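[1] compute the structure for the input listed below.
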Amino acid sequence: MFTIDLDPKRSQIKSIHFIGIGGTSMSGIAELLFDKGFTVTGSDREEGSYTQHLQNKGIPIVFGQKAENIQDQDLFVYTDAIPESNPELKAARATGRPVVSRGRVLGAIMRNYTHSIAISGAHGKSTTTSMMAEILMAAEDRDPTILIGGALDEMGGNCRTGDGNIFLAEGCEYKGNILFYYPSIAVVLNIDADHLDYFKDLEDIIHTFERYMENIPQDGLAILNLDDPYSRTLKDFVKGRVAFFSMTNPEADVHVENIVYSDLGQPFFNLVFKDGTRLEIKLGVLGDFNIRHAMAASLAAREAGLSMETIKKGLEAYRSLHRRMEDMGTFHGARVLTDYGHHPAEIQATLETIHPHVKGRFYCVFEPHTYSRTRTLMADFAKTFGDCDEAVITKIYGAREEDDGSVRSEELVEKVQAHGDRAVYRETYQDVVDYLKNKVTPDDLILTTGCGKADEIAKLLVAQGK
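    This next block holds a predicted model:
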């Protein structure tokens, strides 16, 4: 088991190099370790907002990954997107010094804290983690350390380094990373078929979560979604305690009652705990899925000893992460939102949430993320866009994958059309702008979605739509 002492005066590790430092999770870990006093360096393929932030803090970053970036650092950390053929990773392994994945380092950091909270699941990890972050920051005496898979304005980014004994982070299942985590509170929001470039199938994913549950200590807690058919069965693999949240089932440890919505679609509701405690909540974000996130966060916060007043204050202060239904501005009068959703279930839930509140036409600009996900989930993507008036689908964002020619966005467009919904293909971001500029009216709404650079499409629309 890989370990790291967060006090560099005691730790044998003094200097750490991050291969792929600009990723959302990697950059947060790098910042945390830098704040703790370690010497941190890194590399990435290209500049981005996270690399700029780290450089502003004084962390040296090289752009372009090559063997000479490996010097005399004590530890090398690589992102899951780095292939074994990467020359920098190969050079790091040749040193004989420790070379570990991002997940192993995050798990090692987690073991330094008395109270560690990991939020996992196929959908909603970042949102629930950031909701929980708001609650923890509302407690003036806790001073938590927090890592989020997105930028939260109240934290000034994706990392908050505190001196308290609470650590909060996302627990991603990709490449089995959750198996490296041993949290005292483990939240599982849901389980779905994703990351099928790594997992064999849904059963393989479920089995990974089952093994993860065995990591929770006997005095720990698993918080599970009673409404999700896969996550609720994990209770049989937990040695410690189990708590459930549910939208409707009063037997759960927390459920909701009296849901009403504002004109903008923001939910007002009562959180009802099993002991009879009730909490009136007015969320500043849209969607029933955010009610579920609030239930999970409230259970974890209560377990961590936070008061009902603090939970209410944190939840009602929450205004979402960047790229989670984020309002970017207007394009020729039409409102432009951007979202991180890249799985069919995520996108469909977002479209269902927004649709009732659009006066005019609703356009969804979707940038598919990775060839493997697009190919494997093609049939599900084809049924995703019924709640928008038209899907505008761009070229696939390959990310960590090479294009083998086996799948094209044009094929997805044909599948959506065959399902009876409107869809067009526009290859480049500028093509999208040119297509929409002669179509939209001030009552329309445009959502750009995807976890590649879909937000750049939104920025381009706003910049050219004055």
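[2] ok, E257 to L189 distance?
    Between E257 and L189 the computed distance is 21 Å (CB to CB, to the nearest Å). (Each C-beta comes from the backbone N, C-alpha and C, glycine too.)
[3] higher neighbour count, the two?
    Per other CB atoms under 10 Å, whichever of E257 and L189 has more neighbours is L189, with 25 against 12.
[4] tell me how far the more buried one lies from F245.
    On the measure of CB to CB, L189 and F245 end up 9 Å apart.
[5] shared neighbours, the two?
    N225, R292, A296 (CB atoms under 8 Å, 6 or more residues apart in numbering).
[6] G28: which of those residues is nearest?
    Nearest to G28 among the shared contacts of L189 and F245 is A296, at 20.7 Å by CB to CB.
[7] give the contact list for that closest one.
    By CB under 8 Å, 6+ apart, the contact list for A296 reads I119, T128, V187, L189, I223, N225, F245.
[8] show me what contacts the third one?
    Which is V187. I117, A118, I119, S120, G121, T128, A222, I223, A296, L299, A300 are the contacts of V187 under CB under 8 Å, 6+ apart.
[9] assign a three-state SS to it, would you?
    Under the three-state scheme (DSSP: H, G, I helix; E, B strand; the rest coil), V187 adopts strand.
[10] beta-bridge partners for it, please?
    Note on V187: beta-bridge partners by DSSP bridges are I119, I223.
[11] which helix in this protein has the most residues?
    As assigned by DSSP state H, the longest helix anywhere in the chain is helix 288-303.
[12] can you redo the contacts of V187 as TSV with pLDDT and distance to L234?
    Listed next are the contacts of V187 as TSV, based on pLDDT from 0 to 100; distance: CB to CB, whole Å:
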residue	pLDDT	distance to L234
I117	97	17
A118	97	14
I119	97	14
S120	95	11
G121	92	11
T128	94	17
A222	98	7
I223	98	10
A296	97	14
L299	97	15
A300	96	16
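[13] for PyMOL, write a command that selects the buried ones of the residues you listed.
    Buried subset of the contacts of V187, written as a PyMOL selection, criterion 16 or more other CB atoms under 10 Å:
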select buried, resi 117+118+119+120+121+128+222+223+296+299+300
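[14] and the contacts of V187 as a markdown table, adding distance to V62?
    Converted to a markdown table, these look like this (distance: CB to CB, whole Å):
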| residue | distance to V62 |
| --- | --- |
| I117 | 34 |
| A118 | 31 |
| I119 | 32 |
| S120 | 32 |
| G121 | 35 |
| T128 | 35 |
| A222 | 41 |
| I223 | 41 |
| A296 | 39 |
| L299 | 43 |
| A300 | 38 |
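[15] pick the one among the contacts of A296 closest to K200.
    L189 (22.2 Å).
[16] OK, contacts around the residue nearest to that closest one when sequence neighbours are not counted?
    Closest residue to L189 apart from its sequence neighbours, by CB to CB, 6 or more residues apart in numbering: G121 at 3.1 Å. For G121, the contacting residues are T128, V187, V188, L189, N190, I191, N225, S231, by CB under 8 Å, 6+ apart.
[17] most widely separated two among those?
    T128 and I191 (14.5 Å).
[18] make sure I have this right: D431 is in a helix.
    Yes - note on D431: a helix contains this position according to three-state DSSP.
[19] in contact with it, which residues?
    Shown in contact with D431 (CB under 8 Å, 6+ apart): T394.
[20] roughly how far does it sit from P98?
    Distance from D431 to P98, by CB to CB: 46 Å.
[21] give me the number of residues near G96?
    Applying other CB under 10 Å, we find 7 other residues in the vicinity of G96.
[22] can you give me the pLDDT of it?
    Looking at G96, its pLDDT reads 96.
[23] kindly report the same for the one 10 residues further on.
    Among the per-residue scores, L106 holds a pLDDT of 96.
[24] report the secondary structure state of it.
    helix.
[25] OK, contacts around it?
    S25, I29, L147, A169, N177, F180, Y181.
[26] repeat that with 7 Å
    I29, A169 (CB atoms under 7 Å, 6 or more residues apart in numbering).
[27] any idea how far it is from L412?
    The gap separating L106 from L412 is 33 Å, by CB to CB.
[28] shaky segments in this protein?
    Scanning the chain for pLDDT under 70 picks out 195-196, 198, 264, 321-323, 466.
[29] on that earlier part again, now distance to D5 too, for the contacts of A296, in TSV please.
    Supplementary listing: the contacts of A296 in TSV, determined by distance: CB to CB, whole Å:
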residue	distance to D5
I119	25
T128	29
V187	27
L189	31
I223	29
N225	35
F245	35
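[30] please enumerate the helices of this protein.
    Under DSSP H, the chain gives helices at 24-35, 49-57, 87-94, 102-110, 125-138, 202-213, 288-303, 308-317, 344-354, 371-376, 378-382, 409-418, 429-436, 454-464.
[31] JSON lines please, covering those helices and showing distance to L279.
    Output for those, formatted as JSON lines (distance: least, CB to CB, whole Å):
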{"stretch": "helix 24-35", "distance to L279": "30"}
{"stretch": "helix 49-57", "distance to L279": "35"}
{"stretch": "helix 87-94", "distance to L279": "48"}
{"stretch": "helix 102-110", "distance to L279": "29"}
{"stretch": "helix 125-138", "distance to L279": "12"}
{"stretch": "helix 202-213", "distance to L279": "28"}
{"stretch": "helix 288-303", "distance to L279": "7"}
{"stretch": "helix 308-317", "distance to L279": "6"}
{"stretch": "helix 344-354", "distance to L279": "23"}
{"stretch": "helix 371-376", "distance to L279": "38"}
{"stretch": "helix 378-382", "distance to L279": "36"}
{"stretch": "helix 409-418", "distance to L279": "41"}
{"stretch": "helix 429-436", "distance to L279": "42"}
{"stretch": "helix 454-464", "distance to L279": "34"}
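[32] compare these and give me the one nearest M1.
    That would be, of those and by CB to CB, helix 102-110, which comes in at 8.1 Å.
[33] report the angle between the axes of the closest one and helix 24-35?
    Interaxial angle of helix 102-110 relative to helix 24-35 (axes from the mean of the first three to the mean of the last three CA atoms, to 10 degrees): 40 degrees.
[34] gap between helix 102-110 and the chain center?
    Offset of helix 102-110 from its chain centre (CA atoms, centre = their mean, to the nearest Å): 17 Å.
[35] again, but for stretch 99-116
    On CA atoms, centre = their mean, the centre of stretch 99-116 falls 18 Å from the chain's centre.
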